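Enquirer: Predicted model, plus sequence, below.
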Amino acid sequence: MRTLEYTDISEARTKLARKIKIFVLSLSIVLPGIRCEDLGKITGTETLLIALFANASTAEFLNYTANQVAVPQFSKLLVATNQLKTSATAYQTTQDATTLADLQTNWLAARRIFKQSEIFYINRSYLASNYFHRLDGYILGETNRPVASDLNTAATASPSTSTVDSYPLTRKGFAALEYFIFDNGDGVHDATDTIANINTANTGSAGRRAYIVSLANVIQLDAQRLYNAWNTASGNFAGELATGTGSFGGIKDAVDSFINGIVQLEYVNQDVRVGVPAGLTLTGTTQFPAKLESIYSDTSYQDLLSSVEGFELVYYGNTGDNDARSLSYLVQFQSRTLDARIKTKIAALKAAIQGRINASSTLKADLTGNLSFVNTEVYQRFRDLRTTTATEIIGILGANALPSNADGD
């Protein structure tokens with residue numbers, strides 16, 4: 001687990017000391033004018049000073065998160081999807097064990113970065129967030145998820161890149177490409193989905209091969225669009241988030257929106273990605289493996305781990321950045337105890353999921369063979385992380401909890 005001790009950093013201390021000095025000097029001007037009977041009350045100018053002091057910290061957090069974490073992460077996604085595109089082109093030329101394995105590896109690599117980046121989704125109402133849907137419509141509900149029979153139908157037309165670009169969410173993105181490179185064409189993930197059988201299905205269909213290349217091309221295009229939407233040189237959503245302008249009504253609105261976006265993501269992880277498929281929600285106790293994410297590659301655990309890694313990235317900041325103005329940086333100002341608890345929760349959830357991956361276990365298999373683990377170590381830990389974010393983090397930052405999905409707990 002990464003550990004960042006900001007109090008041991010001289011530069012960070014210097015900046016904090018400078019803020020405190022300004023704050024104290026300001027109080028030295030204000031306090032003499034306060035009457036004895038007003039001591040203990042915070043009104044007027046005092047409130048403004050405290051607000052300004054807190055606002056400076058949240059502004060640093062937003063600027064760091066938007067420009068030093070989010071934009072570089074989308075740049076990594078763009079690089080990964082470029083590699084995916086190149087791999088798909090090579091596979092179109094030669095369908096063998098080597099080229100298919102390479103294509104699968106590049107899909108998994110790009111997928112991991114994409115899932116880590118979901119932490120920046122925030123809300124579907126923002127234009128920049130819509131590019132997430134184009135890459136993967138899972139979070140929008142079952143009607144936006146690809147269906148094998150429909151993908152097979154689309155493949156018969158040997159769709160070009162421009163055609164796939166115009167397709168609905170059910171016919172493009174990571175999930176659509178996943179089907180063609182991890183499934184042998186029958187739409188059921190099982191032991192028959194071997195490299196040899198998948199290659200046989202693709203070699204025997206020019207339409208499938210054309211569709212694979214076009215899907216990879218459009219994934220790269222949408223990754224480019226997502227990066228451009230955030231990049232300060234083009235769409236500049238990062239600049240808007242950093243300063244609370246444009247799409248946001250000020251610094252506080254930007255913080256509210258971002259933190260509530262994290263709460264919503266943990267709700268999706270808890271209930272939509274785990275709870276509903278596992279039968280752990282108020283909707284019923286029946287297991288629905290088909291409702292899992294990444295059903296053709298059977299990598300739902302990897303998806304969940306990557307999502308937690310995204311939360312960790314925002315909470316800690318970039319690896320090795322000893323001056324990170326991360327979410328932990330904000331929480332530490334208010335409560336070191338809470339900061340330590342959150343870090344423990346992140347580490348425990350990661351360890352639980354990583355343990356199943358290391359054991360070559362899948363979430364699909366655990367729904368029936370190890371449901372108690374799924375409940376206590378995955379579902380409940382996501383619930384705990386969501387609750388902590390929705391109550392304690394929002395509480396100490398003074399953010400407003402926005403209307404959200406509810407699962408009755």
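Expert: In hand now; what should we look at?
Enquirer: so residue 353 is in which element?
Expert: Remark: residue 353 resides in helix 336-358, with elements defined by DSSP states H and E.
Enquirer: Please name the residues that touch residue 270.
Expert: With contacts taken as Cβ atoms under 8 Å, 6 or more residues apart in numbering, residue 270 has the following neighbours: 379, 382-383, 386, 407. In this view, the C-beta of every residue, glycine as well, is placed from N, C-alpha and C.
Enquirer: The helix holding residue 353: what's the following helix or strand?
Expert: Counting by DSSP H and E, the element after helix 336-358 in chain order, helix or strand, is helix 363-369.
Enquirer: residues of that following helix that come out buried?
Expert: Of the residues in helix 363-369, those buried by neighbour count under the rule 16 or more other Cβ atoms under 10 Å are 363-364, 366-367.
Enquirer: Under the pLDDT cut-off, which ranges of the chain? List them.
Expert: Where the chain drops to pLDDT under 70, the residues are 1-56, 401-409.
Enquirer: which residue is nearest the centroid of it?
Expert: When Cα atoms, centre = their mean is applied to the chain, the residue found nearest the centroid is residue 118 (2.2 Å).
Enquirer: what's that residue in contact with, if anything?
Expert: Going by Cβ under 8 Å, 6+ apart, residue 118 touches 132, 265, 307, 310.
Enquirer: Just give me the longest helix of this protein.
Expert: The helix spanning the most residues in the chain, taking DSSP state H as the definition, is helix 206-230.
Enquirer: now for that one, which elements pack on it?
Expert: Using 3 or more Cβ pairs under 8 Å, 6 or more residues apart in numbering; DSSP states H and E as the contact criterion, the secondary-structure elements in contact with helix 206-230 are helix 71-93, helix 97-117, helix 130-135, helix 148-155, helix 161-166, helix 174-182, helix 195-203, helix 237-243.
Enquirer: Extract the CA atoms of the longest one and return them as CSV.
Expert: So the one you mean is helix 71-93. Listed next in CSV are the C-alpha coordinates belonging to helix 71-93 (Å, rounded to 0.1, in the frame of the first residue of the first chain):
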residue,chain,number,x,y,z
VAL,A,71,-5.8,14.4,-17.8
PRO,A,72,-2.7,12.2,-17.6
GLN,A,73,-4.9,9.2,-16.9
PHE,A,74,-6.9,9.9,-20.1
SER,A,75,-3.6,10.3,-22.0
LYS,A,76,-2.6,6.8,-20.8
LEU,A,77,-6.0,5.5,-22.0
LEU,A,78,-5.4,7.0,-25.4
VAL,A,79,-2.0,5.3,-25.6
ALA,A,80,-3.5,2.0,-24.6
THR,A,81,-6.3,2.2,-27.2
ASN,A,82,-3.8,3.1,-29.9
GLN,A,83,-2.0,-0.1,-29.1
LEU,A,84,-5.4,-2.0,-29.1
LYS,A,85,-6.1,-0.5,-32.6
THR,A,86,-2.7,-1.7,-33.9
SER,A,87,-3.2,-5.1,-32.4
ALA,A,88,-6.6,-5.5,-34.0
THR,A,89,-5.2,-4.6,-37.4
ALA,A,90,-2.5,-7.2,-37.0
TYR,A,91,-5.1,-9.8,-36.1
GLN,A,92,-7.2,-9.0,-39.2
THR,A,93,-4.2,-9.9,-41.3
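Enquirer: What about the contacts of residue 270, which are in helices?
Expert: Applying DSSP H to those, the entries found in helices are 382-383, 386.
Enquirer: Run a quick neighbour tally on residue 97.
Expert: For residue 97, the tally of surrounding residues (other Cβ atoms under 10 Å) stands at 12.
Enquirer: Hmm, residue 196 and it touching each other?
Expert: Yes: with contact defined as Cβ atoms under 8 Å, residue 97 reaches residue 196; the gap is 7.5 Å.
Enquirer: for residue 381, what are its contacts?
Expert: With contact taken as Cβ under 8 Å, 6+ apart, residue 381 is in contact with 345, 348-349, 352.
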